[in-house]
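S.K.: model this:
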Amino acid sequence: MSGGAPPTPAARMSIGAIAMMIVGALLLLPGLCTIVFAVLLVKDNPAGAFADPYVRFFIPFMLLCLLVSVGGILLIVAARRRRRGGDGDGDGERGQP
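M.R.: Predicted coordinates:
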């Protein structure tokens, strides 16, 4: 024998869950770039990094990128819950709470 039981249907990932995780990972990139940009900006000018009017122009875009990354995190979490087969209440069963 091979020494292990075959994976249960809930343990296997569907194509939809894999796609959700890939798209979620891609959506994390704008937030990562924003964090790197902000760290380098503060490192370059710690006293007034965000006082520069040119930098203030980009703050709404930076916040939008962080919001997109939050969406990516939520997408990854939803894909993981879908993979486990639960409805999010912790009992592992679908249907009524």
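
S.K.: Name the residues of stretch 51-63 that are buried.
M.R.: V55, F58, M62 (16 or more other C-beta atoms under 10 Å). For the C-beta atoms, the positions are set from N, CA and C on the backbone; glycine is no exception.

S.K.: quick one: which of these is nearest A17?
M.R.: M62 (30.4 Å; C-beta to C-beta).

S.K.: measure the closest one to K43 for me?
M.R.: Going from M62 to K43 by C-beta to C-beta, to the nearest Å gives 16 Å.

S.K.: so how far is stretch 46-64 from its chain's centroid?
M.R.: Centre-to-centre, stretch 46-64 and its host chain are 24 Å apart (C-alpha atoms, centre = their mean, to the nearest Å).

S.K.: What segments of this structure are strands?
M.R.: In the chain, no strands are defined using DSSP state E.

S.K.: Name the single longest helix found in it.
M.R.: The residue-count maximum for a helix in the chain (DSSP state H) belongs to helix 53-84.

S.K.: Residues contacting stretch 48-67, please?
M.R.: Stretch 48-67 has contacts (C-beta atoms under 8 Å, 6 or more residues apart in numbering) with P30, G31, C33, T34, F37, A38, L41, V42, N45.

S.K.: Now list the buried members of those.
M.R.: Buried among those by 16+ other C-beta under 10 Å: P30, G31, T34, A38, L41.

S.K.: Please consider this matter closed, and thank you.
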